[in-house]
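1. Predicted structure and sequence below. I'll ask about it afterward.
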Amino acid sequence: MRAVKVLERLLATIPIMLGVAIVVFLFMRLTPGDPVDIMMGEAGYVSEGEIENLRREFNLDKPLHVQLYLFLAGVIRGDLGNSYTKHAPVSELIAERLPATLELALGALIFGLVVAMPIGIVSAVKQYSVVDRVSMAGAFLGISMPAFWLGIILMLLFSVRLQWLPVAGRIDYDASLQAVTGLHVLDSILTGNKAALISSLRHLALPSVSLGAAMAATVARILRSSMLEVLRQDYVTLARAKGLVEFLVVTKHALRNALIPTVTVVGLQVGVLLGGNMIVETVFGWPGLGRLVVQAIFSRDFPLVQGAVMVYAFTFVMANLIVDVLYTYLNPKITL
Amino acid sequence: MLTLKRTLVVSASLLMVLALLAGCAAPTPEVVEKVVEKVVTQVVKETVEVEVEKVVTATPLAGPQQGGTLVVGLAAEIMTLDPADHRERTTETVIRNMFDGLVTRTTDGRVVLELAESATLVDDTTWEFVLKEGVTFHNGEALTAEDVKFTFDRIISENGIDYPDPHTSPRKGLVSPLESVEIVDDYTVRLHLSAPWPVAMQMFVHQQILPKDYFEEVGNEGFIKAPVGCGPFKFVEGSLGDQIVVERFDDYYGGADELPPVGPPLLDRVIFKVLPEASTRVAALRAGEVNIIQQVPSHMIPLLATDPNVRVVSGPSTRPTWMEMNVNKPPFDDARVRLAMNYAVDADTIVETVLGGLGIVIPGSLSPYNNFADTTLKPYGYDPDKALELLAEAGWTDSDGDGFLDKDGEKLAFVVDVRPSDKTNAEAVAGQLQELGIDATVRVWGDYNVLRPLLLDGERTAFVGGWGDSAFDPVGHFEAKWHSLVEGTGNGRGNFSGYNNPRVDELIEAGEVEPDVEKRHELYDEAQQIVYAEVPAVFLFLPDTIEASTANVQNWTVSADGRLNLHDVWLTQ
């Protein structure tokens, strides 16, 4: 039954993706700035007809509805077109960059959860204690700190001053890692390359913390408040009255129910992680999709922006589908 | 149970403390500003001295050393490794270390022979190049006239590039007068032009030679993934958005005779790493992760100057900066008001304070380093009394005593548009104008590509910004900035003042095809004098290009055109 529902939901993403495609297409065309003019750079030296030729090559001389039709026809065939500036198929460019972005987002997610879960739980159990107050002040700080600022501060502290961690990049040049999935950490484990594993984890550390800090703070706060609510419920009191060990009461009875709102927030945070990626990737010289998109937007590389935004939208929809599926495990009363 | 909880608590509090510490590590903004101002003047003297010393004494204490890996922090992503398929400086910088051209440029902008043994202008429209013999590509293939013809044909022919779809090279416009390439013998080619083309040699610097046989064997896509050139370094691996790794090409013919040392490069390996964020580049340099960084913001110089392992190097850029004024819109449709602005702005002070002395005041529409700059022109100079006098003549006086000039009940007020990179410059200009009762305010546009069409359509009033052109020839500047706009051509592509003078247009068009250097000087002198007199802009300054390296990088200096020629560079161990 669950499988059928998941399949249904997957099919439902098709109209969503189509909608996203049309909206991005129109928004990019409404933005002022001519891609061909931008591409020709600043200096003069443009020969007669050169700009018209490029415009024709990119189909920009055709009416908007024809351009949209050509784009959608391509999307349905699985062809996202070619980048104006990089002269390469968009799908190839995205495939090259996506693993880096996913690795960073997963790193941030794991960091966020590892930090947020214990803080959220302990703060709720020891409400109004020193630990609770310090944690929540810290969480407030975490939400307020912009990722790029945190990134630069961490970089100055751990890379420039202490020289513990590298400033930028994904892996050392001499790690000679064999690519399997494109996720460096995973590839290092799969190929048993210990040097590459250490190198890629060292490179991943600071960007993950910068990107995951805000999420950790949000999740910790949500978990704390839902834990507080659950801990006051009768069945928890009953569990305690039965003489159950406090640790089990908290982790097994309370946490499971408190996780439902938390999982919702984590799902939504995936969107924030993808957005924040653009900034953190720029700061840490991380060769991911976010930086590619920022550059594509500034150079009005329409096909590249369209393709990348669709990938983002798809990832976001998928993350929320996973959240919905998780609900059914956390609380069997919930159906898809 | 208790211990677990305690561990959690301890680790959580530790994290919080860490976060707080990190917060404390940043000094308050006030302190930072003070430090910056104090150090700036010191730095200026230091860097200038160092540079001059380096240029004059070409032989440092220790001789050239072989070996080592040099890492470059690039400010922008690399677009492609196809020398014919982009229009981007950083991309060309990387490509230029793997590919050589017929000619190249010295750091101060002089054109010298590279792959060519000689270059002769046979007649007004024909250049003959004799190639050096014994030059080989990275795959062992010998360089011949066939390769030169193949390279240029690919650029100038319609749909000459076939990956990912057939299209025409975006570099065609850089050699637009080139009509055909004729092979005379194995080592001689003739380049036929449609009309006399005085900038030819400057523009041939930007075309790099490809190996015909290899290219045809692997195809366009295969070539981009494994490029082969005849430059000092050969491609090893890498991806465009991340890093490109190149290694020494042992059979390198030596490069330009005028750029010593001649011979194979000294470095074992070079890694070009993409680091678009300036603070990251500076951090990576200070951490010793990269050896050379480009585009150092001037406010970061004081920080770098305190680091003994870092050397900041600067030199004149190719981007004169002006405040262009819309000549078709009040208040700047009155030439007296535009002239008054030139007297009202103290460019010397801006160079000293905002640029930290790293730049020079310019008298007119061209960089003083341009080969055709009219040296008789002098900056208008700061003269607030004269400015107010001219404004009064144009009807602008402070009649209501509110501290601002007015005319017919309207205040003299306008918005200065600017890109984030020129924000401080524009604020300095506006501040000086404010002091004279001119209500100039600054609007920063995050995305230049939104602003640019508005400027070209004459919808804005004033713009502070620079215009780059690495050819040291007036064509790139005059055609784009001071020729009246002609849609679909290079003319007026950057004419933000809406300036339109038929005589100047005529002079520009004549200058582009005049083969005689003397006559060209006359044409451009006249054009410069007209623009100087009609003042479509406040002529501000030429800022320096600022780059930095670790102290162990030798025989490297800033190139005016922003290129990084690593063939001659070495590292001390």
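-> Perfect, thanks for sending it.
2. Please count neighbours and contacts with C-alpha atoms only from this point.
-> Noted.
3. hmm, the host helix or strand of residue B:545 touching chain A?
-> Residue B:545 belongs to strand B:537-550 when elements are defined using DSSP states H and E. No. Counting by C-alpha under 8 Å from any C-alpha of the partner chain, chain A is not contacted by strand B:537-550; separation bottoms out at 13.9 Å.
4. Surely residue B:134 is in contact with residue B:143?
-> Yes. In terms of C-alpha atoms under 8 Å, residue B:134 counts as a neighbour of residue B:143; the distance is 7.5 Å.
5. of the two, who's got more company?
-> residue B:143 (24 against 12; other C-alpha atoms under 10 Å in any protein chain shown).
6. who touches that one in this structure?
-> Taking C-alpha atoms under 8 Å, 6 or more residues apart in numbering or on different chains as the contact definition, residue B:143 lies against B:133-137, B:211.
7. Chain B contacts on the stretch 151-300 of chain A?
-> Residues of the stretch 151-300 of chain A lying near chain B (C-alpha under 8 Å from any C-alpha): A:152-157, A:159-161, A:163, A:166-169, A:247, A:282-288, A:292, A:298-299.
8. Burial check on residue A:134, number of neighbours?
-> Residues near residue A:134, counting by other C-alpha under 10 Å: 17.
9. Equivalent analysis for residue B:399, please.
-> By other C-alpha under 10 Å, neighbour count at residue B:399 equals 13.
10. tell me the SS of it?
-> Three-state call for residue B:399 (DSSP: H, G, I helix; E, B strand; the rest coil): coil.
11. That one against residue B:411, yeah?
-> No. Residue B:399 lies out of contact with residue B:411 (C-alpha under 8 Å); the separation is 10.0 Å.
12. what do these two both touch?
-> Counting by C-alpha under 8 Å, 6+ apart, the common neighbours of residue B:399 and residue B:411 are residue B:405.
13. my read: residue B:396 touches residue B:413, true?
-> No. Judged on C-alpha under 8 Å, residue B:396 makes no contact with residue B:413 at a distance of 11.1 Å.
14. higher neighbour count, these two?
-> Under the neighbour definition other C-alpha under 10 Å, residue B:396 and residue B:413 were set side by side, and residue B:396 has more, 22 against 16.
15. Now do the more buried one against chain A, distance only.
-> In this view, residue B:396 and chain A are 36 Å apart by C-alpha to the nearest C-alpha, to the nearest Å.
16. OK, contacts around that residue?
-> If you count contacts by C-alpha under 8 Å, 6+ apart, residue B:396 has them with B:405-407, B:412.
17. among these, who's most crowded?
-> Most surrounded of the contacts of residue B:396: other C-alpha under 10 Å gives residue B:405, at 24 neighbours.
18. give the contact list for that residue.
-> Each residue near residue B:405 by C-alpha under 8 Å, 6+ apart is listed here: B:396-399, B:411-412, B:437-438.
19. for residue B:481, same thing?
-> Residues near residue B:481 by C-alpha under 8 Å, 6+ apart: B:491-496.
20. picking up where we left off before, mind checking which of the residues of the stretch 151-300 of chain A next to chain B are buried?
-> A:152-157, A:159-160, A:166-169, A:282-288, A:292, A:298-299 (16 or more other C-alpha atoms under 10 Å in any protein chain shown).
21. So which of the residues you listed sit within helices?
-> A:152-154, A:282-283, A:292, A:298 (DSSP state H).
22. all helices of the stretch 201-336 of chain A, in order?
-> A:234-241, A:246-248, A:255-283, A:289-298, A:302-330 (DSSP state H, counting those that start in this stretch).
23. show me where pLDDT drops low in the chain?
-> Looking at chain A here, since you left the chain open. A:41-45, A:47-48 (pLDDT under 70).
24. other chain: chain B
-> In the predicted model, chain B carries pLDDT under 70 at residues B:1-62.
25. Just say helix, strand or coil for residue B:229.
-> Here residue B:229 is recorded as coil under three-state DSSP.
26. mind listing what it touches?
-> Counted by C-alpha under 8 Å, 6+ apart, residue B:229 has contacts B:98-100, B:137-138, B:209-211.
27. could you redo the residues you listed as a markdown table and give each row neighbour count, distance to residue A:199 and secondary structure?
-> A markdown table is the format used below for the contacts of residue B:229 (neighbours: other C-alpha atoms under 10 Å in any protein chain shown; distance: C-alpha to C-alpha, whole Å; DSSP: H, G, I helix; E, B strand; the rest coil):
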| residue | neighbour count | distance to residue A:199 | secondary structure |
| --- | --- | --- | --- |
| B:98 | 27 | 28 | coil |
| B:99 | 23 | 32 | coil |
| B:100 | 24 | 35 | coil |
| B:137 | 26 | 35 | coil |
| B:138 | 23 | 31 | coil |
| B:209 | 24 | 38 | coil |
| B:210 | 29 | 37 | coil |
| B:211 | 25 | 37 | coil |
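28. can you redo the residues you listed as TSV with distance to residue B:483?
-> Formatted as TSV, these follow (distance: C-alpha to C-alpha, whole Å):
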residue	distance to residue B:483
B:98	37
B:99	35
B:100	34
B:137	42
B:138	44
B:209	33
B:210	35
B:211	39
